[in-house]
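>>> please find the sequence and the predicted model below.
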Amino acid sequence: MKTLNEENSFWATVLKDKNTNLAKIWEEFEKSNRQLNSILEEEQTMRRDLRNFQKKKDSLRKQVYYLYEKEEKEQNFSPHTNQGDEPIIHNSQKVKEEEKS
């Protein structure tokens, strides 16, 4: 039979081994937790960057539409016609036409 000291020594060794294993497991857990936190921070940064990119894209799209509409209006406008309707007759032309009549 084992003596009390031997029994205590045996259990002390078992506990020490278990504590060592627990310490290793805890260390791995903390390492994994730090990695997870790092990944979550990275995801938040990416989401913020995506929102900023979408805002910038929307702003550029509005500018493109504005410029497109402006260019379209300029192309449709002719100095000789009134927005594509009938020709504009200046006063000097009216006088000449009246003189001819």
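Received it, and whenever you're ready, just let me know what you need. Numbering: from 1, shown residues only.

>>> tell me which element the most centrally placed residue in the chain is part of?
Nearest residue to the geometric centre of the chain (Cα atoms, centre = their mean): L50, 1.1 Å. According to DSSP states H and E, L50 maps onto helix 4-76.

>>> which neighbouring elements make contact with that helix?
Using 3 or more Cβ pairs under 8 Å, 6 or more residues apart in numbering; DSSP states H and E, no helix or strand is in contact with helix 4-76. Yep, even glycine has a C-beta here, placed from its N, CA and C like the rest.

>>> what's the offset of it from the middle of its chain?
Distance, stretch centre to chain centre, for helix 4-76: 16 Å (Cα atoms, centre = their mean, to the nearest Å).

>>> use 255 as the first number from now on
Shifting the count to begin at 255 puts that one at helix 258-330.

>>> and it, average pLDDT?
Mean per-residue pLDDT for helix 258-330: 90.

>>> hmm, back to that, OK, contacts around the residue nearest to the centre of the chain?
By Cβ atoms under 8 Å, 6 or more residues apart in numbering, L304 lies in contact with nothing.

>>> for T299, the count of nearby residues, please.
The local packing of T299 (other Cβ atoms under 10 Å) involves 10 other residues.

>>> ugh, wrong one, F264
The local packing count at F264 equals 11, with neighbours defined by other Cβ under 10 Å.

>>> any idea how far E297 is from N306?
15 Å (Cβ to Cβ, to the nearest Å).

>>> rewinding a little: state the distance from the residue nearest to the centre of the chain to Y319.
L304 is 22 Å from Y319, by Cβ to Cβ.

>>> now do F264
Per Cβ to Cβ, F264 is found 82 Å from Y319.

>>> ditto for M300
28 Å.

>>> just K272 next, same as before
Counting by Cβ to Cβ, the separation of K272 from Y319 is 69 Å.

>>> and K270, what is it in contact with?
Taking Cβ under 8 Å, 6+ apart, we find K270 in contact with no residue.

>>> check the gap between it and L276 for me.
11 Å.

>>> same question for F307.
46 Å.

>>> ok, now E328?
Distance, E328 to L276, by Cβ to Cβ: 77 Å.

>>> what does E296 give?
30 Å.

>>> great, nothing more from me.
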